[in-house]
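Enquirer: dropping a prediction and its sequence here:
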2 protein chains.
Amino acid sequence: MKLSTRSRYGTRMMLDLAQHYDEGPVQIRNVSKRENISVKYLEQLIIPLKKANFIKSVRGPKGGHMLAKPPEAITVGEIVRVLEGGINLSSCIENPEVCDRTSDCLTRGLWEEATKAMYKKLNSATLSKMINEGSNS
Amino acid sequence: MKLSTRSRYGTRMMLDLAQHYDEGPVQIRNVSKRENISVKYLEQLIIPLKKANFIKSVRGPKGGHMLAKPPEAITVGEIVRVLEGGINLSSCIENPEVCDRTSDCLTRGLWEEATKAMYKKLNSATLSKMINEGSNS
DNA sequence: TTTATACTATAGTCAAACGCTATAGATTAG
DNA sequence: CTAATCTATAGCGTTTGACTATAGTATAAA
């Protein structure tokens, strides 16, 4: 029931990139220092975020990473979905065939509704909103 | 991000008990057959649910288990909270001290809001509602 | 054209959690 | 007193999570 550190660290990295948007490529090394997260771990998180087109990278010296879209066009919901591999309270929501009781299951609908409620909140939070509203909003 | 089988099986057991409420003590053996969940595993789930006063048990021959309150007085949210050990997307919500960034964390508030949204849904579902509304409501 | 800097890819390690099973014991109706 | 039933605790095998290590590939700049 907990979000993985993947999602939490990934979101922090994306917020860090958002705070340095328009400053050119940001090196992982620096994100690592500021956020106190291992370089190797961040490198791993970047891969799926690039595939999802949220980050673009520049190789070689002076290279680095930057948001592929402006901070107001990326939501935390999207980030979590990419890093968590889908947000769902139960795998029977995506894959009804994992359970032979699907047809008459009393609980499935509820898990789905609860998932959606959470989802909605996360989707309403763009990176720029997060930065502007701050922590104690 | 998935609910554990503990919560899902536990909820199914509670729904089963609700469907046999007022029939006297129900034996785990029978719940096990109907729900296709191991007896030993169910026995384990009953313990915390008894402590939380959702189930009461009768020992000896003809003994068994039954809801400690009517089905309309128990919500799925309560069951999940007991079996999951709290529903929270991040442990920093219950225990701010796990992270030294709490004071200026941009994400904590969002995890909390999303948690509450999910929570609200689960709390609105009583066992009797679940049974009456069925699966395809 | 070399070299240092930075990103990329894949595999490995360690510990904790999960899902489940087994054993032994306590209680009580009949 | 005994069989049916619940109770408690410990164990076990697998999976997942959170990292870490190694061996690259690309490229700006000297």
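Expert: Good, I have the coordinates.

Enquirer: residue boundaries of the helices in chain A?
Expert: A:5-19, A:28-35, A:39-51, A:76-84, A:108-123, A:127-133 (DSSP state H).

Enquirer: JSON lines for these, including distance to DNA strand D, mean pLDDT and mean neighbour count?
Expert: Heads up, the C-betas are built off the backbone N, CA and C, glycines and all. As requested, the helices of chain A are exported to JSON lines (distance: least, C-beta to the nearest atom of the strand, whole Å; pLDDT from 0 to 100; neighbours: other C-beta atoms under 10 Å in any protein chain shown):
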{"stretch": "helix A:5-19", "distance to DNA strand D": "4", "mean pLDDT": "96", "mean neighbour count": "21"}
{"stretch": "helix A:28-35", "distance to DNA strand D": "10", "mean pLDDT": "95", "mean neighbour count": "16"}
{"stretch": "helix A:39-51", "distance to DNA strand D": "4", "mean pLDDT": "96", "mean neighbour count": "15"}
{"stretch": "helix A:76-84", "distance to DNA strand D": "8", "mean pLDDT": "95", "mean neighbour count": "21"}
{"stretch": "helix A:108-123", "distance to DNA strand D": "16", "mean pLDDT": "93", "mean neighbour count": "20"}
{"stretch": "helix A:127-133", "distance to DNA strand D": "21", "mean pLDDT": "93", "mean neighbour count": "18"}
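
Enquirer: got JSON lines for those helices, with distance to residue B:18 too?
Expert: As requested, the helices of chain A are arranged in JSON lines below (distance: least, C-beta to C-beta, whole Å):
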{"stretch": "helix A:5-19", "distance to residue B:18": "35"}
{"stretch": "helix A:28-35", "distance to residue B:18": "47"}
{"stretch": "helix A:39-51", "distance to residue B:18": "42"}
{"stretch": "helix A:76-84", "distance to residue B:18": "32"}
{"stretch": "helix A:108-123", "distance to residue B:18": "14"}
{"stretch": "helix A:127-133", "distance to residue B:18": "42"}
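
Enquirer: how near is residue A:8 to residue A:120?
Expert: Counting by C-beta to C-beta, to the nearest Å, the gap from residue A:8 to residue A:120 is 19 Å.

Enquirer: typed the wrong thing, it's residue A:27
Expert: 35 Å.

Enquirer: ok, now residue A:71?
Expert: Counting by C-beta to C-beta - residue A:71 and residue A:120 are separated by 20 Å.

Enquirer: likewise residue A:3?
Expert: Taken as C-beta to C-beta, the span from residue A:3 to residue A:120 is 16 Å.
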